[in-house]
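*Asks:* No letters, just coordinates:
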């Protein structure tokens, strides 16, 4: 039975229902959860027209409000994007279930059997901005890992998220799971966010996804434990030993393949030994992709007569997460100088080196302290789907519990199961503090 109280607000009432649903999800076998996920995928495709119609209202409102095109791109759902989201859900269904996995196990000299096993976190709250695909990704990953989820998207995507959650809840309930395992947090005002952040004891963890302001607000104001996701000031460093054609291809993909996402590159660093040769190629390629370069003096000089759009860089450029067709660029005297620049300005998300030198690659990966370091590969690969997770709940830039793209294991905690045969502890085994 529910333990709702007469004084519960709509947000707290939803949290209590989620907690009750989570207790029912935790012991479910993989087959039951996978069946629900496959039902969700089918329902998304079957009700795609309904979802895109609701999304079109959000997009129209965003355009009327003068919202940046990069944000509108993240907000927009098409039939093709919905089909891709459904495919991601199916991939999650095909992944191993982390719940019950034995992290470590052993038998003590006294015969006690000790096992550390993965268990669901319980109730996971997600606070995110205008990315309705997160609604489905988060729900799928939480269900697969045995968690109930409370979804608090932005007001700009309210109609889209409402339609999506209606589809998810119907599919989940039709598969025999509690519909309250997936809920949209009631309300569009910031008050509902504040209530969710203070629902300690009902919500086990909060995960913010969005810009720096949102993440900072949740981290600093929440009484619920937070897994911090971060912004993406990602760097591409082109080393003295780089294959120049490869470097141009990686740079273009990192920056321009999709500019509105956190794993797109925002800064280019070039070793001075190849700057004269590489920069004309890079600037021409970036210009062809419509990218404005915010360059240091060396880059500005290299741009003369090329027709590339290059403007002087400031300190604000070195720390910027543009999420647009802009990139900062500098020439550095050495690999160590590139690392020093990255350490000063990075958000700790993803950094890439392009080089043919194994020694340079090894030193770069050892010295750079970000969630992901790519060698001769685009920064755009830092993604749960690309890493084989099916989808991701977010990219954690903290160092506790979860770091980098967060898949199913990161949505679990552990507990110890200790099995004996009448074992009792005697004084001989007493330890200080035990």
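*Replies:* Great, that's in hand. Note that the coordinates shown come from a computational prediction; the quantities given were computed from them, not determined experimentally.
*Asks:* how near is residue 254 to residue 111?
*Replies:* Counting by Cβ to Cβ, to the nearest Å, the separation of residue 254 from residue 111 is 56 Å. No exception for glycine: its C-beta is placed from N, CA and C like everyone else's.
*Asks:* Which one's more surrounded, the two?
*Replies:* Set residue 254 next to residue 111 and count neighbours by other Cβ atoms under 10 Å: residue 254 wins out with 26 against 11.
*Asks:* In terms of pLDDT, where does residue 210 sit?
*Replies:* Looking at residue 210, its pLDDT reads 81.
*Asks:* Setting the sequence-adjacent residues aside, check what's closest to it.
*Replies:* Among residues not flanking residue 210 along the chain, residue 129 sits closest, at 3.6 Å (Cβ to Cβ, 6 or more residues apart in numbering).
*Asks:* What count of nearby residues applies to the one you found?
*Replies:* Burial of residue 129 is recorded as 19 neighbouring residues (other Cβ under 10 Å).
*Asks:* Contact partners for it?
*Replies:* 71, 74, 153-154, 156-157, 209-211, 214 (Cβ atoms under 8 Å, 6 or more residues apart in numbering).
*Asks:* ok, of the residues you listed, which one's closest to residue 296?
*Replies:* Using Cβ to Cβ, residue 211 is the member of these that lies nearest residue 296, at 26.2 Å.
*Asks:* backbone phi and psi for the closest one, please?
*Replies:* Residue 211 adopts backbone torsions of phi -80, psi 170, taken as degrees, to the nearest 10.
*Asks:* Residue 392 versus that one, what's the distance?
*Replies:* According to Cβ to Cβ, residue 211 stands 18 Å off from residue 392.
*Asks:* Compare these two (neighbour count), which wins?
*Replies:* Taking neighbours as other Cβ under 10 Å, residue 211 and residue 392 compare with residue 392 leading, 26 against 15.
*Asks:* residues near the residue lying closest to that one once chain neighbours are set aside, how many?
*Replies:* Spatial nearest neighbour of residue 392, chain neighbours left out: residue 384 (2.4 Å); criterion: Cβ to Cβ, 6+ apart. A total of 24 residues lie near residue 384 under the criterion other Cβ under 10 Å.
*Asks:* So, low pLDDT: which residues of this structure?
*Replies:* By pLDDT under 70, the low-scoring segments of the chain are 1-7, 428-434.
*Asks:* mind running it again at 80?
*Replies:* 1-7, 70, 130, 211, 230, 390-391, 427-434 (pLDDT under 80).
*Asks:* From the centroid of it, which residue is nearest?
*Replies:* For the chain, the residue nearest the mean C-alpha position is residue 394 (1.8 Å; Cα atoms, centre = their mean).
*Asks:* What distance do you get for that one to residue 123?
*Replies:* Distance of residue 394 to residue 123, given as Cβ to Cβ: 16 Å.
*Asks:* Kindly check the end-to-end length of stretch 387-398 for me.
*Replies:* One end of stretch 387-398 sits 19 Å from the other (Cα to Cα, to the nearest Å).
*Asks:* State the number of residues packed around the closest residue to the residue nearest to the centre of the chain other than its chain neighbours.
*Replies:* In space, and not counting its chain neighbours, residue 394 is closest to residue 229: 4.1 Å by Cβ to Cβ, 6+ apart. Neighbour count of residue 229, defined by other Cβ under 10 Å: 27.
*Asks:* 19 is where my numbering starts, stick with that
*Replies:* That works, and once the first residue is 19, the last one we named lands at residue 247.
*Asks:* can I assume residue 247 is in contact with residue 414?
*Replies:* Yes: counting by Cβ atoms under 8 Å, residue 247 touches residue 414, with 5.6 Å between them.
*Asks:* List the residues that contact residue 327.
*Replies:* By Cβ under 8 Å, 6+ apart, the contact list for residue 327 reads 305, 309-311.
*Asks:* ok, which stretches of the stretch 19-168 of the chain are strands?
*Replies:* With strands called from DSSP state E, counting those that start in this stretch, the stretch 19-168 of the chain shows them at 120-125, 131-138, 141-146, 166-170.
*Asks:* Nearest to residue 278, out of those strands?
*Replies:* strand 141-146 (14.3 Å).
*Asks:* and the closest one, how far out from the chain's middle?
*Replies:* 12 Å (Cα atoms, centre = their mean, to the nearest Å).
*Asks:* okay, the angle between the helix or strand in which residue 178 is found and strand 166-170?
*Replies:* When elements are assigned from DSSP states H and E, residue 178 belongs to helix 176-192. Helix 176-192 and strand 166-170 are oriented at 170 degrees to each other (axes from the mean of the first three to the mean of the last three Cα atoms, to 10 degrees).
*Asks:* what's the next helix-or-strand element following helix 176-192 packed up against?
*Replies:* As assigned by DSSP H and E, the chain's next helix or strand after helix 176-192 is strand 200-202. Helices and strands touching strand 200-202, by 3 or more Cβ pairs under 8 Å, 6 or more residues apart in numbering; DSSP states H and E, are helix 28-43, helix 151-162, strand 166-170, helix 176-192.
*Asks:* For the stretch 169-318 of the chain, just list every one of the strands.
*Replies:* Using DSSP E, counting those that start in this stretch, strands in the stretch 169-318 of the chain cover 200-202, 223-227, 252-256, 283-289, 310-313.
*Asks:* and those as CSV, adding mean neighbour count and distance to residue 320?
*Replies:* What follows is those, written out as CSV (neighbours: other Cβ atoms under 10 Å; distance: least, Cβ to Cβ, whole Å):
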stretch, mean neighbour count, distance to residue 320
strand 200-202, 25, 51
strand 223-227, 24, 37
strand 252-256, 28, 13
strand 283-289, 27, 9
strand 310-313, 23, 8
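*Asks:* So which of those strands is nearest residue 123?
*Replies:* strand 223-227 (25.5 Å).
*Asks:* outside of the closest one, which residues touch it?
*Replies:* Residues contacting strand 223-227 (Cβ under 8 Å, 6+ apart): 139-140, 142-147, 149, 152, 156, 214-215, 232-233, 235-237, 240, 242-247, 411-412, 424.
*Asks:* Any quick ChimeraX command for the buried ones out of these?
*Replies:* Filtering these down to the buried ones (16 or more other Cβ atoms under 10 Å) takes a single ChimeraX command:
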select :139,140,142,143,144,145,146,147,149,152,156,214,215,232,233,235,236,237,240,242,244,245,246,247,411,412,424
